[in-house]
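A.B. asks: Fold the following, please.
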Amino acid sequence: MSRILKSQLVRYSRRAHERGLTAAFGGNLSVRSGNLVFIKATGAVMDEMTAGQVAVIDMNGRQISGVRPSSEYRLHLEVYGEREDVKAIAHLHPPYSIAVSGLVKGELPILTPEAELYLGRIPVAPFRPAGTRELADVVAEAIKNSDAAIMERHGIVTVGRSLREAFYKAELVEESAKLWYLTRKE
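C.D. replies: As a prediction, this is how the structure comes out:
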């Protein structure tokens with residue numbers, strides 16, 4: 001099972017980079033299996049990910065594997081703790097989502113039926129420093145009643161019952177941000 005989960009994390013991490021949803025060291029994906037969370041290791045680069053760069057932690061944040069988890073592990077654990085239905089999380093840094101995060105307060109307006117159907121709403125969480133408990137708290141609150149959130153000046157978080165679902169919701173958030181940005185009235 002762990003080999004399959006690590007393989008999925010590698011595949012979708014590389015795909016996120018290929019599709020311009022993150023760059024360099026930015027972003028991280030995770031999958032929950034029981035009391036364990038498989039997450040990108042700290043310092044790993046998305047387009048060069050290997051199975052050896054997948055960290056394993058428990059739901060208390062205790063490191064199980066030989067590699068350290070991403071500094072955003074608190075965010076992932078807080079969301080999993082808030083939402084029992086969530087089995088995977090995509091935290092990415094797509095450019096349009098970051099650009100609109102400083103322009104939109106409250107929620108990003110949704111322009112397409114597909115985004116409305118699969119996302120419902122896209123709240124914008126206020127800025128908090130990366131890797132902090134404060135960021136984890138505001139994101140968990142934003143995700144409580146939504147499957148997606150934009151983090152001001154930081155990126156996005158999407159959730160799903162599978163990594164595939166969380167990933168494609170991330171693409172929908174970025175498409176929504178791009179469409180809103182391109183059609184906004186200044």
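
A.B. asks: would you list every one of the strands in this structure?
C.D. replies: Counting by DSSP state E, the chain has these strands, from start to end: 28-33, 36-40, 54-58, 88-92, 124-125, 148-151, 155-160.

A.B. asks: For my notes, please list those in CSV and give mean neighbour count, mean pLDDT and distance to Leu179 for each entry.
C.D. replies: In short, each C-beta sits where N, CA and C put it, glycine included. Output for those, formatted as CSV (neighbours: other CB atoms under 10 Å; pLDDT from 0 to 100; distance: least, CB to CB, whole Å):
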stretch, mean neighbour count, mean pLDDT, distance to Leu179
strand 28-33, 24, 97, 24
strand 36-40, 24, 97, 28
strand 54-58, 21, 97, 33
strand 88-92, 29, 98, 17
strand 124-125, 21, 98, 16
strand 148-151, 27, 98, 14
strand 155-160, 27, 98, 15
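
A.B. asks: Now tabulate those strands in a markdown table and tack on distance to Thr112.
C.D. replies: Below are the strands of the chain laid out as a markdown table (distance: least, CB to CB, whole Å):
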| stretch | distance to Thr112 |
| --- | --- |
| strand 28-33 | 24 |
| strand 36-40 | 29 |
| strand 54-58 | 33 |
| strand 88-92 | 19 |
| strand 124-125 | 18 |
| strand 148-151 | 13 |
| strand 155-160 | 16 |
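
A.B. asks: Quick one: closest of the ones you listed to Tyr181.
C.D. replies: strand 148-151 (11.9 Å; CB to CB).

A.B. asks: Alpha carbons of that closest one, as PDB, please.
C.D. replies: Coordinates of each C-alpha in strand 148-151 appear next as PDB, following Å, rounded to 0.1, in the frame of the first residue of the first chain:
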ATOM      1  CA  ALA A 148     -10.800  24.500  -1.800                       C
ATOM      2  CA  ALA A 149      -9.300  27.700  -0.400                       C
ATOM      3  CA  ILE A 150      -6.900  30.300  -1.600                       C
ATOM      4  CA  MET A 151      -4.300  31.500   0.900                       C
END
